[in-house]
Structures are given as C-alpha cells and as structure tokens.
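S.K.: coords please:
(2 chains)
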2 protein chains.
Amino acid sequence: MSNTKVLPLLEPEAPESVVPCCPPLTERPLTAGEAERTARMFKALGDPVRLRLFSQVASHEGGEACVCDISDVGVSQPTVSHHLKKLKEAGLLTSERRGTWVYYRVEPSVVAAMGQFLARVD
Amino acid sequence: MSNTKVLPLLEPEAPESVVPCCPPLTERPLTAGEAERTARMFKALGDPVRLRLFSQVASHEGGEACVCDISDVGVSQPTVSHHLKKLKEAGLLTSERRGTWVYYRVEPSVVAAMGQFLARVD
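M.R.: From the prediction side, this is the model:
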C-alpha cells in the first residue's frame, strides 16, 4: 500500500475580484462598474508614501521586496506594512510569505492594464 | 501713421507646476518630490465619478467636452463642474472658454507619462 497522501491544492493568493480593466481611455466612456474598480486602483496610488513604496517594490532587485527591504520613506515599519496591504487589496501587489517575511511583488497584468488605459491618448 | 496696436500675448492656461513625471516604475524608486506630484494625479483619478467624467471627456467627439456634453454620471451639473476643475488642477485636463461654455480636453503629455510610468512592468 502506498503512503502517499493527496495534498490539498493551494490556491494562489489572488486579490479580491480585481479584473484588469478597461478599454483605452479614448474608445468609450467607462461604465459605472468599470469606473468603480479602476478608481480603487488609482486611489491606492494616490498617496505619496504608498506610491514611493510601490516604486520601491517594483524597482527592487528581483522585482520583489519585503518590509525589511524598505527604507527611507519616513514612516514606521507598521505603517509600511499597512500601506503594502492596501496596495495588495487594490490588486496592484501580490504577496508570498517565506520564512519570517512577506514578500511583495507588482502584479504585472493589472498595472500594465492601467498603463494601457492611459497610454492611448493623442 | 498706422493704427495697429500691439496686443498683449495671451499665456496659455497651464496647470500649476505639473511636470510630466517620472522614470518607468521598475527603473528606480521615486523621490519624495516625484511621488508627491504623481500621487496628486493618481488621486484625481481615484474617484469613480471623476474617472467617468475623465473618460467621457477623453472619448467625446473631437477629444473635448463641456459640462453641457456630460450626461449619465448621476451627479448635478455644479458637481460635474467641480470635478472637472479638480482634474484640471491635477494637470490632467486643460480648458478653454468658448462663448457660454468651458471646453475641457485631456492633456496628452501628462496622461501619456502616467501611462508609461505604469506600462513597463514585467
């Protein structure tokens, strides 16, 4: 008899109901639902400290960072953790716990979709 | 003798100290100053009603719209005017008065810079 066990599948940590939105800005007006979702992401980047943290994660070696890698933003470590959580809730970062630390990484599809939404203006 | 007069030069209506910012997200962390400026623009788009108005202006015929062209966002005309002004203050829209109405237009350089800031993640 085999002693292998079926391990439960681990669901990847997905942000709640974040769909990379929307049509390019000039194509048509956003619907109320699209605007609601997208505004949530823009709002998450609408705070200077949060935006600096976001750019520290994005530009860190290997494209990921933990609280232990963040420096020079002028706020305490619990505040950094709080802001990183907010960015994750908005779907802009994903996270993975490894040992003592939670590592954050930019969610490329969501951020690229925001970029495309804005980039097509002429 | 000529009766021509030298007309004063009209300064174009420029948003206050808005510089299309920043390096691509993955290149290096934003400085405090860059984050301050850029967060202001993201914050302006971080409200669902304001974001819908912004997309109505961007997708309107000719790339411009006045309050008289805006419909179906569920807020009063004075509220629409207030939001359009906020978007202008953030440097995302420019405006021009023609007759009775003020016409708003997306500022392509600023919005494209925001798009590029986000688009280079991989």
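S.K.: and stretch A:64-75, how far apart are its ends?
M.R.: The separation between the terminal residues of stretch A:64-75, taken as CA to CA, to the nearest Å, is 20 Å.
S.K.: Sketch out the strands for chain A, chain order is fine.
M.R.: In chain A, the strands defined using DSSP state E lie at A:64-66, A:93-98, A:101-106.
S.K.: Between those, which one is closest to A:Thr26.
M.R.: Shortest distance between A:Thr26 and those, using CB to CB, is found for strand A:101-106: 25.7 Å. Just so you know, the C-beta spots here come from the backbone N, C-alpha and C atoms, and that holds for glycine as well.
S.K.: Distance-wise, check A:Glu34 relative to B:Met114.
M.R.: The gap separating A:Glu34 from B:Met114 is 18 Å, by CB to CB, to the nearest Å.
S.K.: Neighbour count for these two, which is higher?
M.R.: Taking other CB atoms under 10 Å in any protein chain shown, A:Glu34 and B:Met114 do not tie; B:Met114 has more neighbours (26 against 20).
S.K.: Which residue is the nearest non-sequential neighbour of the more buried one?
M.R.: Take B:Met114 and drop its neighbours on the chain: the residue closest to it by CB to CB, 6 or more residues apart in numbering or on different chains is A:Leu118, 5.0 Å away.
S.K.: Please tell me how far that neighbour sits from A:Gly46.
M.R.: Using CB to CB, we find A:Leu118 at a distance of 14 Å from A:Gly46.
S.K.: Neighbour count: the two, which is higher?
M.R.: The residue with more neighbours, out of A:Leu118 and A:Gly46 and counting by other CB under 10 Å, is A:Leu118; that gives 25 against 21.
S.K.: So that one sits against B:Ser109, correct?
M.R.: No. When contacts are counted by CB atoms under 8 Å, A:Leu118 is not listed as touching B:Ser109 (11.7 Å).
S.K.: What ranges in chain A fall below the confidence cut-off?
M.R.: Residues of chain A that meet the criterion pLDDT under 70 lie in A:1-21, A:120-122.
S.K.: again, 80 this time
M.R.: A:1-22, A:71, A:119-122 (pLDDT under 80).
S.K.: Run through the helices of it in chain order.
M.R.: In chain A, helices defined by DSSP state H lie at A:32-44, A:48-59, A:77-89, A:108-119, listed in chain order.
S.K.: Who does the nearest residue to A:Lys88 once chain neighbours are set aside form a beta bridge with?
M.R.: Across the structure, with CB to CB, 6+ apart as the measure, the residue nearest A:Lys88 apart from its sequence neighbours is A:Ser95 (5.6 Å). In this entry, A:Ser95 is beta-bridged to A:Tyr104, by DSSP bridges.
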